[in-house]
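Colleague: Structure here, sequence nowhere to be found:
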């Protein structure tokens, strides 16, 4: 445990000193800016009760999408260099000969990367809720479980990137992470196109892709937790009913199993490779 | 308990390409015995497999076949790892940490407690001449200073076996002398030092035993004194060397190098030295200088590597 703690602390310390908090600050401004722009848009129709009711809710739902994006990118950025870069630069040579198991190195890096990414994601989420409350006068505390699910985004992408980092070069790790994020993102448009244009192959591909990187399970889970604030018109639309069905217990379990399996794979691969 | 700090048995490492179409044998059937308490020079030309061997000994690279023991035990045992210190050849430290923080990190990782570290960190920083830069970040250090810090990291936890891979490559002459002194000091305290260096004159000054590696195999291994006493060499300078003289020389000795009027020849034993002098004179050579000396490690190295080719 001590080795994991030491490596995690070092990763965190390095991250702070690399001034990644500047990126975090910029993301915070983006979150606040997003709410501000939405408020400006809503103020054009200040006397329309429907707009005043819907805009804060949509802002929160879309704002969480922004937070998901920043959280995932932050985790991927940190995880991509965590092991691959340290091998390339020879940093790990002085670490690996010490009385440390390789799994401790992987877990230490994982904890260090995720603590920073999760702390930031949580901060942006709180900032989003506070901004909506301050600028739009609405608070939706009943959706408190949605931000917790949002935290799984950096966990998912951070773990996946760390896994790539255990066997690939830094450049390849970044490429694989971007590809996996692209694959995950492609599921929804593929399914939509498949249904709208009645292309069976696309629907089948979308069905397979959602298991490769189960981001869409998370996306629907977040939406499920936000359901109480989803505007009625949106809920009633055919499109919403077709694509945004809540994930089953099996799908939620799959997400956790997926993260655990990828982390285990990272441990096994790093444990068996030459450094 | 064995009397050896390191023992390898038919150690072999083959690097294969991703599709396994090409393979490179980096280390081949390596037998090595490093006695405890000695300074052991691990020599070889570039690409001989030295660093791969070291990486295998540290458990960073897995052998394709064969086995090795450190202090008679497996490197997988954490107690064994605690007894090892290592300075890598190509390394970079976490550059945003200060020298002090970095040593604390490595010390804690090596299992040292806070009290020992509070005493030991200033001590080793002083030993490698970095005490005034203890609070400076590693990124501000020159390559030589980083190498000193690397040495501090390797000896911090007072290991019994210290593996130094090119420890002086970035150091100035004063730094090299410090490292030499440090190695001798470690030896006097009964530590085993496994030294990989291309600076053969330095190796010769500090090592008790050497192994010369070529193409992944040990070509010579043994006590340095014994290895160097086998073939004496003679540095000769002639007024006007002729082909006739050189032919006569080659008949009784092995010419290691030729440079204008000078050449260095190796004879089989000390009793052949007068015969060499005689044959030069008899073949008409006029000697300006005739200086027999013990074979240097560099001579031995060149001879062994050339013989193996």
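Modeller: That came in fine, so what should we check first? Please read all numbers here as calculations on a predicted model, not as lab measurements.
Colleague: For the stretch 1-150 of chain B, what lies in contact range of chain A?
Modeller: Contact residues, the stretch 1-150 of chain B versus chain A (CB under 8 Å from any CB of the partner chain): B:55, B:58-62, B:78-79, B:81-82, B:84, B:86, B:88, B:90-94, B:96-97, B:101, B:105-106, B:108-111, B:150. Just so you know, the C-beta spots here come from the backbone N, C-alpha and C atoms, and that holds for glycine as well.
Colleague: Give me the buried subset of those residues.
Modeller: B:55, B:58-61, B:81-82, B:84, B:86, B:88, B:91-94, B:96-97, B:101, B:105-106, B:108-111, B:150 (16 or more other CB atoms under 10 Å in any protein chain shown).
Colleague: Just to be sure, which of those are found in helices?
Modeller: Using DSSP state H, B:55, B:81-82, B:101, B:105-106, B:108-109, B:150 are the members of these that sit in helices.
Colleague: of all the residues you listed, which comes closest to residue A:89?
Modeller: Taking CB to CB as the measure, residue A:89 sits nearest to residue B:150 out of these, at 13.4 Å.
Colleague: what about the helices in the stretch 1-150 of chain B?
Modeller: B:50-57, B:78-82, B:99-109, B:114-127, B:143-155 (DSSP state H, counting those that start in this stretch).
Colleague: Packing partners of the fourth one?
Modeller: What that stands for is helix B:114-127. helix B:99-109, helix B:143-155 (3 or more CB pairs under 8 Å, 6 or more residues apart in numbering or on different chains; DSSP states H and E).
Colleague: Do a quick rundown of the helices in the stretch 151-300 of chain B.
Modeller: Taking DSSP H, counting those that start in this stretch as the criterion, the stretch 151-300 of chain B carries its helices at B:173-188, B:200-206, B:224-229, B:243-252, B:273-282, B:297-308.
Colleague: what about the fourth one, distance to the chain center?
Modeller: The one in question is helix B:243-252. Centroid separation for helix B:243-252 versus its chain: 35 Å, with CA atoms, centre = their mean, to the nearest Å.
Colleague: for it, what is the average pLDDT?
Modeller: Averaging pLDDT along helix B:243-252 yields 90.
Colleague: tell me the angle of it relative to helix B:273-282?
Modeller: With axes from the mean of the first three to the mean of the last three CA atoms, to 10 degrees applied, the angle from helix B:243-252 to helix B:273-282 works out at 160 degrees.
Colleague: buried stuff in helix B:243-252?
Modeller: For helix B:243-252, the neighbour count (16+ other CB under 10 Å) marks B:245-246, B:248-249, B:252 as buried.
Colleague: now swap in the shortest one and tell me
Modeller: Within helix B:224-229, the residues scored as buried using 16+ other CB under 10 Å are B:224, B:227-228.
Colleague: Repeat that for the fifth one.
Modeller: With burial defined by 16+ other CB under 10 Å, the residues of helix B:273-282 counted as buried are B:273, B:276-277, B:279-280.
Colleague: Pairing partners for the residue positioned nearest the centre of chain B in the sheet, please.
Modeller: For chain B, the residue sitting closest to the mean C-alpha position, by CA atoms, centre = their mean, is residue B:196 at 3.0 Å. Here residue B:196 sits in beta bridges with residue B:42, residue B:165, as judged by DSSP bridges.
Colleague: That one contacts residue B:169, doesn't it?
Modeller: No - the pair residue B:196 / residue B:169 is not scored as a contact, 10.2 Å apart, by CB atoms under 8 Å.
Colleague: Mutual contacts of the two, please.
Modeller: residue B:89 (CB atoms under 8 Å, 6 or more residues apart in numbering or on different chains).
Colleague: what's the burial count for residue 19?
Modeller: Here I'm looking at chain A. Applying other CB atoms under 10 Å in any protein chain shown, we find 11 residues neighbouring residue A:19.
Colleague: Chain B, not that one
Modeller: 6.
Colleague: so how far is chain A from it?
Modeller: 15 Å (CB to the nearest CB, to the nearest Å).
Colleague: ok, now how distant is residue A:122 from residue A:129?
Modeller: 11 Å (CB to CB, to the nearest Å).
Colleague: anything in contact with each of the two?
Modeller: residue A:147.
Colleague: Low-confidence ranges, the stretch 1-150 of chain B, go.
Modeller: By pLDDT under 70, the low-scoring segments of the stretch 1-150 of chain B are B:1-2, B:20.
Colleague: Next: the stretch 151-275 of chain A.
Modeller: A:238-243.
Colleague: how about a cut-off of 90?
Modeller: For the stretch 151-275 of chain A, residues meeting the criterion pLDDT under 90 lie at A:187-189, A:191-198, A:203, A:206-210, A:223-224, A:226-248, A:275.
Colleague: just the helices in it please.
Modeller: Going by DSSP H, counting those that start in this stretch, the stretch 151-275 of chain A shows helices at A:152-165, A:170-196, A:200-212, A:215-225, A:232-236, A:238-243, A:249-272.
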